[in-house]
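Novice: Give me the fold of what follows.
(2 chains)
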Amino acid sequence: MPVAGAFKDGARRVRGAPMVLAGLFAVMLLVGLPLSYVLRGMLAAHLGNSLAADSAAAGTNYEWWLEFTTQAAGIGKTFVPSIVGFGAVLDNLQGIADNLPLASAIVGVTATWLIVWSFLSGGVIDRLARSRRTRSHGFFAACGMHFWRMLRLGILACAAYGFLFRYVHGWIFSSAIGRLTRDVAVERTAFAWRAAGYLLFAALLLGCNLVFDYARVRLVVEDRRSAIGALFASWRFVRRHAAAVVGLYALNAIAFLLLIGVYALVAPRTPGGGLSTAVALAIGEAYIIARLFLKLLFYASETALFQGALAHAAYTAAPAVVWPDSPAAESIANADGSPAS
Amino acid sequence: MFARSAVVIAALMLGGTAVHAQQPLPAPSGAPRPSEAPVSGRSPRNASYAINVRLDPGSRTLSGDELLTWRNTSRATATTLQFHLYYNAWRNSRSTWMRGRIRTDPPIAARPEADWAWIDVTSLRVIQRGTLPADIISQARYKAPDDGNADDRTVMEVPLGRAVGPGETVNVQIAWSARVPRAFARTGTIGDYYFVAQWFPKIGVFEDTGWNTHQFHATTEFFADFGTYDVRLTVPKGWVVGATGVERERRDEPDGTTTTHHYVQDDVHDFAWATSPHFIEGHATFADAGLPAVDIRLLLQPEHAGQADRHFDAARAALKNYGRWFGAYPYGHLTIVDSAWQSGSSGMEYPTLITAGSRWLTPAGDDTPEGVVIHETGHQFWYGLVATNEFEHAWMDEGINTYSAAMVTERAGAPAYYTKRYFGGFIPWVFRNALLSRIVEGDRLPTYRRDANGDPAATPTWRAFPATAGGISYAKTALWMHTLERMVGWPVQQRILSTYFVRWEFRHPKPDDFFAVVNEVTGRDFTWFFDQVYRGSGVFDYAIYDLRSEPNVARGYFGEGASRRFVNAEGRATDYVTTVVARRLGDGTFPIAVRVVFENKEEMRWEWDGRDRARTFQVVKPSRASFAQVDPDRVLVLDVNSTNNSASLKPRTGAAATKWSLTWLVWLQDHLLTYGFFV
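Specialist: As a prediction, this is how the structure comes out:
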């Protein structure tokens, strides 16, 4: 299947699963809203009934903001002036690109999100692979069926990414680029070296990510039990279809870059009060939904590409998941007619 | 290279006045002592140098000789001479500078061998009429007056063998060699860019109490007497040189590979220079009615070629405003050196020469390079001309200059915004919702808030706690100067500073000299204020603790005897009793105003001496209160927590907290999706 075809097919599959997108968005809100509510309490406590609240409500009260961050603890420490608009995207991309430590207050929510996503990804890929409705019981049955496999694969991914960030990143940016740029007196040259470092690290990181992506796809589509087996199978698939796999990944990456480019242009800089707050929030959430769509598009297009390479397109090995009988039905089926003792 | 010095020395030996005798006279406070009075020109010129130095980039060394003419301007007699040998701070990790820095930056001791530096004085001769000068370098000893560190070699003392009385002059010829560091701080080289400062054996300041020659510390830098600098710099041919003073002559040497640049400057107390083959040279003129014109020479890094106007405009803004407010810049020329990337020499001030510090990408709205150019140009006034002792009272140059520069930036009119640099610090993003204000950015309130519990500014800076010394010197001083301005008004503040400037330019004022000018010009005694902001470390924080505004009715028994009865609402319900409780949460005390604004726009103000920990104010008005403020005019800029300075009966707290927590939610969602890349 050509790359463009897989991409288009992936988009079609995601569009055909609006409830998956909506569900994931809802889960994200469920994870984020409680923390947002906690932060709201911190902000309200610091603002008290002061006039600073008026200016903070009407625009950006930068002086109050700095005052708040000085005394903030926990998640309050992550409420910094660079979270506004496109700064949020830059902050988070930089966190990965420069291997910045996560604020301890959000380590928990980040880990929770990754585990939740690991749980859901089995159901998501299953739904996208079947390209038909599986209903919630089918979706969650697939989630449950694949969860431990996904978790085992996640542990392998954790080891691989851990190696990349702990050793390779340090070697590229501290050792190699540090040495190469130590005596560079021209900032442009220093940046060129750093950009080269980003390219090299990105190639390794994305390569790793690509192999784990197809491992997830094969785990679900072929109903594999072994995470290691899926990983090797993925590696074989990637090697045999390198051009298509890389091309599709690049297409998805371009879509991501286009999205953040558009967001850089339309992201609200100064959330005002009233309606403008609602508009700013709507733009922000639209961007988040688009990011989720792209995340699903990655899965869907990769699944489509993999399935297209099989003898039977849209092949899924696992039987349609049948929800087990209720405990009552099961006990009736199991009853041997003897009275309970 | 040494020939010229030899001629000068011979002239001195044959007929020159090597040692003069002048009778010292007592001087009133604030007036220059006779021996401190200018011999010619505007400064005392009591420490003048004729220096020849050759830079060898191959070995990264300086070879130099200098003829020092030093006059004792104190009332005491000198029997020794003390010299700063700054480059020895980076000789090894046992120096006082390194010991200080290692505490906050441990890896610095692990720098490669090639980075380290030293300065060795190879000969030192005191020139006396009629005698051959003997080399007394063998009698030199290293001193550690501050910390007794026997391994520190940044101060050298030599016995003179005779006394140099008040008003007498001594000539000393010194030969030395030095290795230029890969910059640890402020001076050094990277590639073929050299910024050479604190580089020659420099005499300390001899005061009535003896030598004031501090070791080189990580947090403080300089204090020196004024003089004339006549300096010949020999560098590779084709390299551009920028230096203190004006270039009088440029001569290619017979070796065909080097060029000697001859710079001269009167009435300065230091000399720094830079050289590189890559500088792009630009010129502009500062002209303003009533002020002397200034030629501005800019040596730009090629990658900043498009930023020349930003540098020039910033320097002009500083020269204009400082000149109008405080006094004229007298030298007629200023050199701005745009330092090379990673050179460690950005943002430094030397007489008639400053280093800027720009970035390859610096969009409109970012305050780079303007902020640093204004600040360093301002140092020409507060440091260059009013030459305070930066070792001991860094607040007098850094703090007063931070305050002044913030005012220039505010009045320059170009808005600057919070700018964050991403991806290794290379890519800037300007947050145009976060406008930088004079108090927050210029006066550096957040820095002071962080360091407020540091040493009192009266602690000699060289022994202040390193982590908070900067916050106290720069930020706290700027904030209390701003507070003083708001107490007395700008016209009076301007008179204070211009009086202080005119009275103390080309001299070395001490803190009490500044305080005396404040009291004199205002006609008020501000000792209570300086006791707190200079001699103390108390923090100021006033707050509105409670605001109530309720109908003026009461409940209970009213009346006497038979007419006594229980009333549920006695009084006029159309009137409101407004109660404001103001609190002093910090240790600092300050006379402060409390204001209430009512719904009918009427206002009520009370003046409070601010001494008690709390004060309750009450008033009955026909309108309900809208909000209350303590320090409504924000006179006390030092207040570390301004959010609690007000209280509203209809606050928009909920709206603000909801808006910002939801804005943060988008950031969190983006964070989760970004890290979701891994699953």
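
Novice: Contact distance from chain A - what residues of the stretch 301-450 of chain B qualify?
Specialist: Contact residues, the stretch 301-450 of chain B versus chain A (Cβ under 8 Å from any Cβ of the partner chain): B:301-303, B:340-343, B:359-360, B:418, B:420, B:422-424, B:426-427, B:429, B:431-437, B:439-440, B:445-446, B:449-450. C-beta here means a position set from N, CA and C on the backbone, and glycine is covered the same way.

Novice: okay, which residue is most central for the chain?
Specialist: By default, I'm working from chain A. A:Lys295 (6.5 Å; Cα atoms, centre = their mean).

Novice: right idea, wrong chain: chain B
Specialist: Short answer for chain B (Cα atoms, centre = their mean): B:Glu398, at 1.8 Å.

Novice: Enumerate every residue touching it.
Specialist: B:Glu390, B:Gly470, B:Ser473, B:Tyr474, B:Thr477 (Cβ atoms under 8 Å, 6 or more residues apart in numbering or on different chains).

Novice: Sticking with B:Gln173, tell me its helix or strand.
Specialist: Using DSSP states H and E, B:Gln173 maps to strand B:169-179.

Novice: can you pull the buried residues of stretch B:209-216?
Specialist: B:Trp211, B:Asn212, B:Thr213, B:His214, B:Gln215, B:Phe216 (16 or more other Cβ atoms under 10 Å in any protein chain shown).

Novice: Buried by neighbour count, from the contacts of B:Glu398: which ones?
Specialist: The neighbour count (16+ other Cβ under 10 Å) marks B:Glu390, B:Gly470, B:Ser473, B:Tyr474, B:Thr477 as buried among these.

Novice: Same list, these, but as JSON lines with secondary structure please.
Specialist: Formatted as JSON lines, the buried ones among the contacts of B:Glu398 follow (DSSP: H, G, I helix; E, B strand; the rest coil):
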{"residue": "B:Glu390", "secondary structure": "coil"}
{"residue": "B:Gly470", "secondary structure": "helix"}
{"residue": "B:Ser473", "secondary structure": "helix"}
{"residue": "B:Tyr474", "secondary structure": "helix"}
{"residue": "B:Thr477", "secondary structure": "helix"}
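
Novice: Helices of the stretch 351-500 of chain B, start to end?
Specialist: Counting by DSSP state H, counting those that start in this stretch, one finds helices in the stretch 351-500 of chain B at the ranges B:370-378, B:394, B:400-412, B:445-451, B:466-470, B:477-488, B:490-504.

Novice: and B:Thr527, how many neighbours?
Specialist: Using other Cβ atoms under 10 Å in any protein chain shown, B:Thr527 has 13 other residues around it.

Novice: who's in contact with it?
Specialist: Contacts for B:Thr527 (Cβ under 8 Å, 6+ apart) come out as B:Phe515, B:Asn519.

Novice: low pLDDT regions in the stretch 101-250 of chain A?
Specialist: Along the stretch 101-250 of chain A, the model assigns pLDDT under 70 to no residue.

Novice: same thing but at 90, please
Specialist: For the stretch 101-250 of chain A, residues meeting the criterion pLDDT under 90 lie at A:130-138, A:223.

Novice: quick one, strands of it?
Specialist: Assigned by DSSP state E, counting those that start in this stretch, the stretch 101-250 of chain A shows no strands.

Novice: Near chain B, which residues of it are found?
Specialist: A:106, A:109-110, A:113-114, A:117-118, A:121, A:154, A:157, A:161, A:173, A:181-188, A:190-191, A:194, A:198, A:209.

Novice: Pull the number of nearby residues for A:Leu204.
Specialist: If you count neighbours by other Cβ under 10 Å, A:Leu204 ends up with 16.

Novice: if I look at it, how far off is chain B?
Specialist: Distance of A:Leu204 to chain B, computed by Cβ to the nearest Cβ, to the nearest Å: 14 Å.

Novice: Could you provide the contacts of B:Glu398 in JSON lines, with additional columns for pLDDT?
Specialist: Putting the contacts of B:Glu398 into JSON lines (pLDDT from 0 to 100) gives the following:
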{"residue": "B:Glu390", "pLDDT": "97"}
{"residue": "B:Gly470", "pLDDT": "94"}
{"residue": "B:Ser473", "pLDDT": "97"}
{"residue": "B:Tyr474", "pLDDT": "97"}
{"residue": "B:Thr477", "pLDDT": "98"}
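
Novice: Adding distance to B:Thr355, write these out as TSV.
Specialist: Listed next are the contacts of B:Glu398 as TSV, based on distance: Cβ to Cβ, whole Å:
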residue	distance to B:Thr355
B:Glu390	16
B:Gly470	18
B:Ser473	19
B:Tyr474	17
B:Thr477	22
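
Novice: Show me the buried residues of stretch B:209-216 that map onto strands.
Specialist: When those are checked against strands (DSSP state E), the matches are B:Trp211, B:Asn212.

Novice: wait, which of the buried residues of stretch B:209-216 is closest to chain A?
Specialist: Taking Cβ to the nearest Cβ as the measure, B:Phe216 is the one of these closest to chain A, at 24.6 Å.

Novice: Is the closest one in contact with B:Trp97, as I believe?
Specialist: Yes. B:Phe216 lies in contact with B:Trp97 (Cβ atoms under 8 Å); the separation is 4.9 Å.

Novice: Which neighbours do the two have in common?
Specialist: Common contacts of B:Phe216 and B:Trp97, defined by Cβ under 8 Å, 6+ apart, comprise B:Ala89, B:Thr154.

Novice: And B:Ser358, how close does it get to B:Leu319?
Specialist: Distance of B:Ser358 to B:Leu319, computed by Cβ to Cβ, to the nearest Å: 19 Å.

Novice: neighbour count winner among the two?
Specialist: B:Leu319 (27 against 24).

Novice: Quick check: closest non-adjacent residue to that one.
Specialist: Nearest residue to B:Leu319, sequence neighbours excluded (Cβ to Cβ, 6 or more residues apart in numbering or on different chains): B:Phe286, at 4.8 Å.

Novice: check which helix or strand covers that neighbour.
Specialist: Using DSSP H and E, the element containing B:Phe286 is strand B:280-288.

Novice: Show me what that strand is in contact with.
Specialist: Counting by Cβ under 8 Å, 6+ apart, B:240, B:293-302, B:305, B:308, B:312, B:315-316, B:319-320, B:323-324, B:334 sit against strand B:280-288.

Novice: Buried ones among the residues you listed?
Specialist: B:294, B:296-301, B:308, B:312, B:315-316, B:319-320, B:323, B:334.

Novice: contacting residues around B:Gly676?
Specialist: By Cβ under 8 Å, 6+ apart, the residues touching B:Gly676 are A:Trp113, A:Leu114, A:Trp117, A:Lys295.

Novice: In PyMOL, how would I select just the buried ones from the residues you listed?
Specialist: Buried residues among those (16+ other Cβ under 10 Å), as a PyMOL selection:
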select buried, chain A and resi 113+114+117+295
